[in-house]
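This is the structure alone, sequence omitted:
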Ligand code: GDP
């Protein structure tokens, strides 16, 4: 490996502007974020998403749809282009209506897992294409799991779901409708949820601080965020006018109002800061570099591409390079196989053409032979006929010729 020397420039070359170029380019291109929401009907999913993004992403729903017993989990997708200070975000929300709404909720996570896997599969297939010009990335960047505000602890269905999904997606468990619990109830509820999560070794998304790069504000934010997990949130599509004339999102009660954005009453603001303001890119990055990589490795192993799976047990650049080389070889093999298939096809076509012309030649030869045979036979017949008609010359004929009988 060649040694790298550190050089500090005396003059100005200009690459310190590179981050600005990246910044400008990404602003021009815009960003994509795909969020999945899971929780039983009427738990507050659409209200919270519309509140978080200040946009009506979820269409109006009829109450009857919300309350009826579902036959199973469906997957529906909604997308919206949101502009915030001239930065464009293509937000896709994947809803899972029907989850937890059946009489028997066993396996209600299966369609959700299948959906997440199929998004990974689609990405993997695009990556393995020889030309991957424009990869469509539909992978789920985060999953908000809505915990019912029971005040007890996680239910069996919550545990089963979280246990099955934590290796596939960034999980953000939240307690919905926090206004239905008192602040004391919330403290105990959060503790029991965290205890369940830890007892079952469930990995949830937690912001990490890199002291080297993060500024003080981010470090402080991260600390506060960690202290509020699982976030207890309130959502509202309605605005209330305050005495100072400002309009705020809030829920109205006979005794007063609760502002959605009030950190004293709920964690909506912390959730929004974590999800959108501070860690949207971290969520995307973790999905790509950890969750998807794991899925990709397992898929390739299942396809038998690697015999020795111990190579993935630790980070080792040489082994990673080896993996890349193997992938490259697989691509080459695929290409070679495709070229071979085309070649074989061409050979088969040529052979069949040759065979056809050989058959034609043979049949023409046969026709010609038959016709010659016919001609030969006809000539023979003619000859026989002529021979049959020809009599031998008699003495009388000779006399006639000499004129003896003309006397
Ligand atoms: P979804 O079926 O999970 O999408 O639930 P919705 O968002 O449609 O909410 C169902 C009902 O719960 C609606 O009447 C909402 O106004 C109400 N709701 C939503 N969020 C909250 C909340 O934070 N607190 C309270 N008390 N009600 C809420």
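It's in. Everything numeric here is computed off the predicted structure, so don't read it as measured data.

Count the neighbours of residue 343 for me.
Neighbours of residue 343 under the rule other CB atoms under 10 Å: 10. C-beta: built from backbone N, CA, C; applies to glycine.

so it sits in a strand?
No: counting by DSSP: H, G, I helix; E, B strand; the rest coil, one finds residue 343 to be helix, located in no strand.

Return the residues in contact with it.
Applying CB atoms under 8 Å, 6 or more residues apart in numbering to residue 343 gives no contacts.

cool, residue 122 as well?
Residue 122 makes contact with 136, 138 under the criterion CB under 8 Å, 6+ apart.

So it versus the ligand, what's the distance?
Relative to the ligand, residue 122 is positioned 27 Å away (CB to the nearest ligand atom, to the nearest Å).

Three-state assignment for that residue, please.
Counting by three-state DSSP, the backbone at residue 122 sits in helix.

Next, see if stretch 265-275 gets close to the ligand.
No: Stretch 265-275 stays clear of the ligand (CB under 6 Å from any ligand atom), getting no nearer than 7.9 Å.

Residues touching that stretch, excluding its own?
51-52, 142, 172, 174, 178-179, 207, 221, 224-225, 228, 231-235, 258-263, 283.

Keep only the residues you listed that also lie close to the ligand.
Within the contacts of stretch 265-275, those near the ligand by CB under 6 Å from any ligand atom are 179, 234, 235.

Kindly confirm whether my reading is correct that the second one touches residue 260.
Yes: the pair residue 234 and residue 260 qualifies as a contact (CB atoms under 8 Å) at a distance of 5.4 Å.

Give me the common contacts of those two.
Overlap of the contact sets of residue 234 and residue 260 (by CB under 8 Å, 6+ apart) consists of 251, 266, 268.

Tabulate these (JSON lines), appending neighbour count.
Shown next, in JSON lines, are the shared contacts of residue 234 and residue 260 (neighbours: other CB atoms under 10 Å):
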{"residue": "251", "neighbour count": "20"}
{"residue": "266", "neighbour count": "26"}
{"residue": "268", "neighbour count": "25"}
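
quick check, nearest of those residues to residue 214?
Within those, the smallest distance to residue 214 is 23.2 Å, found for residue 268 (CB to CB).

mind listing what the closest residue to the closest one other than its chain neighbours touches?
Spatial nearest neighbour of residue 268, chain neighbours left out: residue 233 (4.6 Å); criterion: CB to CB, 6 or more residues apart in numbering. Residue 233 makes contact with 48, 174, 175, 176, 178, 266, 267, 268, 271 under the criterion CB under 8 Å, 6+ apart.

can you redo the residues you listed as CSV with secondary structure, pLDDT and distance to residue 374?
Output for the contacts of residue 233, formatted as CSV (DSSP: H, G, I helix; E, B strand; the rest coil; pLDDT from 0 to 100; distance: CB to CB, whole Å):
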residue, secondary structure, pLDDT, distance to residue 374
48, helix, 96, 96
174, strand, 98, 97
175, strand, 98, 102
176, coil, 96, 98
178, helix, 95, 105
266, coil, 95, 106
267, coil, 96, 104
268, helix, 96, 102
271, helix, 96, 99
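
sec struct for residue 153, please.
Classified using three-state DSSP, residue 153 is coil.

Nearest spatial neighbour of it, chain-adjacent residues omitted?
Once flanking residues are discounted, residue 153 sits nearest to residue 192: 3.8 Å by CB to CB, 6+ apart.

what does residue 204 give?
Per CB to CB, 6+ apart, closest to residue 204 is residue 171, 4.6 Å.

any idea how far residue 79 is from the one you found?
Using CB to CB, to the nearest Å, residue 171 is found at 22 Å from residue 79.

Of the two, give the one with the bigger neighbour count.
For residue 171 versus residue 79, neighbours defined as other CB under 10 Å are more numerous around residue 171 (21 against 12).

Could you double-check that the more buried one lies in contact with residue 141?
No: applying CB under 8 Å as the test, residue 171 and residue 141 come out as separate, 11.7 Å apart.

circling back to that earlier point, of the shared contacts of residue 234 and residue 260, which is the nearest to the ligand?
residue 251 (5.8 Å; CB to the nearest ligand atom).

got the contact list for that closest one?
Contact partners of residue 251, counting by CB under 8 Å, 6+ apart, are 179, 234, 236, 238, 257, 258, 260.

Let's see that with 10 Å instead.
Residue 251 makes contacts with 47, 177, 179, 234-238, 240, 257-260, 265-266, as judged by CB atoms under 10 Å, 6 or more residues apart in numbering.

bridging residues for it?
Residue 251 has these beta-bridge partners by DSSP bridges: residue 258.

and it, how far is that from residue 233?
12 Å.

ok, so what distance separates residue 287 from residue 74?
Relative to residue 74, residue 287 is positioned 23 Å away (CB to CB).

okay, the two: which has more neighbours?
Just comparing residue 287 and residue 74: by other CB under 10 Å the higher neighbour count belongs to residue 287, 22 against 12.

Which residue lies closest in space to that one, excluding its sequence neighbours?
Closest to residue 287 by CB to CB, 6+ apart is residue 141, at 5.1 Å.

what does residue 176 give?
residue 44 (4.2 Å).

residues in contact with the one you found?
37, 51, 146, 148-149, 174, 176-178, 233-236.

And for residue 345?
No contacts exist for residue 345 under CB under 10 Å, 6+ apart.

Starting from residue 333, give me the distance back to it.
Computed with CB to CB, the distance linking residue 345 and residue 333 is 18 Å.

Next: residue 145.
In terms of CB to CB, residue 145 sits 42 Å off from residue 333.

neighbour count winner among the two?
Remark: of residue 145 and residue 333, residue 145 carries more neighbours, 21 against 10, as counted by other CB under 10 Å.

Would you tell me what the next helix or strand after the one helix or strand the more buried one maps to is?
For residue 145, the host element (DSSP states H and E) is strand 142-147. Sequence order places helix 156-165 as the next helix or strand after strand 142-147, per DSSP H and E.

Listing request: residues of this structure with sub-threshold pLDDT.
Residue ranges of the chain with pLDDT under 70: 1-2, 61-71, 103, 130-133, 211-212, 305-317, 319, 391-407.

Thank you kindly, that will do.
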